[in-house]
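> Sharing a sequence plus its predicted fold:
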Amino acid sequence: EVQLVESGGGLVEPGGSLRLSCIGSGFRFSGYAMAWFRQPPGKEREEVAGIESDGSTRYAESVRGRFTISRDNAKNTLYLRMNSLQPEDTAMYYCAASSRFIPTTAADFGYWGQGTQVTVSS
């Protein structure tokens, strides 16, 4: 059974930092493209950052320079380091896995976690 389990979310003040983690099991983690998505209240889900099986990364313009995606294949774990958090970063954050070499849409991701809530507020 494939599982993706996120952790690390919480309440943080503007300007603060968090690190999200996602542990994968039941599939060959190292061979999959991984990504973090988020869904703010009342809005559509959007990709925040992605990392391919070869380690190449991509970021949404809204988080470039503030967020860093990384993976540790030995631990089957995906990370998202988030710095300089702002209220507009408040959302449910999901990790996702894709067997496609370069996934381009959310539909390309076949496996999803349950999400971890990030709230940025003073």
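Sure thing, it's come through. Numbers count the residues shown, from 1 in each chain.
> secondary structure element for L4?
Under the criterion of DSSP states H and E, L4 resides in strand 3-7.
> So which bits of that strand are buried?
4, 6 (16 or more other Cβ atoms under 10 Å). Just so you know, the C-beta spots here come from the backbone N, C-alpha and C atoms, and that holds for glycine as well.
> Likewise for stretch 35-44?
35-38.
> which one among those gets closest to G55?
Distance to G55 across the buried residues of stretch 35-44 (Cβ to Cβ) is lowest for A35, with 13.5 Å.
> Show me what that closest one bridges to in the sheet.
G50, A96 (DSSP bridges).
> Quickly note the distance from it to V5.
16 Å (Cβ to Cβ, to the nearest Å).
> Between the two ends of stretch 82-91, how far is it?
Taking Cα to Cα, to the nearest Å, the first and last residues of stretch 82-91 lie 13 Å apart.
> pLDDT value on the residue nearest the centre of the chain, please?
Central residue of the chain (Cα atoms, centre = their mean): W36, 2.1 Å from the mean position. Reported pLDDT at W36 in the predicted model: 98.
> That one: what's it in contact with?
20, 22, 47-50, 69, 78, 80, 93-96 (Cβ atoms under 8 Å, 6 or more residues apart in numbering).
> can you do 10 Å?
Residues near W36 by Cβ atoms under 10 Å, 6 or more residues apart in numbering: 6, 20, 22, 47-51, 59-60, 63, 67, 69, 78-80, 82, 93-96, 113.
> Please produce a PyMOL select command covering the buried subset of these.
To isolate the buried members of those in PyMOL, using 16+ other Cβ under 10 Å:
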select buried, resi 6+20+22+47+48+49+50+51+59+63+67+69+78+79+80+82+93+94+95+96+113
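> hey, where'd the strands end up in the chain?
Using DSSP state E, the strands of the chain run over 3-7, 10-12, 18-25, 33-39, 46-51, 57-59, 67-72, 77-82, 91-98, 111-112, 116-120.
> Of these, give the one that comes closest to T105.
In terms of Cβ to Cβ, the element of the strands of the chain nearest to T105 is strand 46-51, at 8.5 Å.
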